[in-house]
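Enquirer: coords please:
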Amino acid sequence: MAVAIFFTTWWIVLFAVLPFGVRSQEENGEVAPGTEPGAPQAPRLVAKAIWTTILSLILFAGLMAYMGYVQGT
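Expert: Residues are numbered from 1 along each chain as shown. Below is the predicted model:
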């Protein structure tokens, strides 16, 4: 069950992190021919996956600690 909770947390955090720091091609003034001007110039997906994992681990650890505290009371 813990794996499912972590997996769900990871995806929720990913969708929250994805828009941070994204600049469109139009904002950078370099629109590639045949592409959407609103497409991201450099989405930095690997860095966002790393940040997502770090934040998810923190949230997951907090949630597990809270659940252990509640069950212990």
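
Enquirer: Would you indicate which residues of the host helix or strand of Ala61 are buried?
Expert: Using DSSP states H and E, Ala61 sits in helix 45-72. For helix 45-72, burial by neighbour count (16 or more other Cβ atoms under 10 Å) applies to Lys48, Thr52, Leu55, Ser56, Leu59, Phe60. (Each C-beta comes from the backbone N, C-alpha and C, glycine too.)

Enquirer: any chance of these in CSV, plus pLDDT and distance to Glu27?
Expert: Conversion of the buried residues of helix 45-72 to CSV gives the following (pLDDT from 0 to 100; distance: Cβ to Cβ, whole Å):
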residue, pLDDT, distance to Glu27
Lys48, 97, 18
Thr52, 98, 24
Leu55, 97, 26
Ser56, 98, 29
Leu59, 97, 31
Phe60, 96, 34
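
Enquirer: Identify the residue nearest the geometric centre of this protein.
Expert: Leu14 (2.1 Å; Cα atoms, centre = their mean).

Enquirer: ok, now how distant is that one from Lys48?
Expert: 7 Å (Cβ to Cβ, to the nearest Å).

Enquirer: now swap in Thr35 and tell me
Expert: Going from Thr35 to Lys48 by Cβ to Cβ gives 21 Å.

Enquirer: ditto for Ala16
Expert: Note on Ala16: its distance to Lys48, by Cβ to Cβ, is 10 Å.

Enquirer: per-residue confidence at the residue nearest to Ala49 when sequence neighbours are not counted?
Expert: What sits nearest to Ala49 in space, not counting adjacent residues and going by Cβ to Cβ, 6 or more residues apart in numbering, is Leu14, at 7.4 Å. Per-residue confidence at Leu14 stands at 97 (pLDDT).

Enquirer: and Leu14, what does it touch?
Expert: Leu14 makes contacts with Lys48, Ala49, Thr52, as judged by Cβ atoms under 8 Å, 6 or more residues apart in numbering.

Enquirer: okay, now the closest residue to the first one other than its chain neighbours: neighbour count?
Expert: Nearest-residue entry for Lys48: Val17, 5.2 Å, with adjacent residues in sequence omitted and distances by Cβ to Cβ, 6+ apart. Using other Cβ atoms under 10 Å as the criterion, Val17 is surrounded by 17 other residues.
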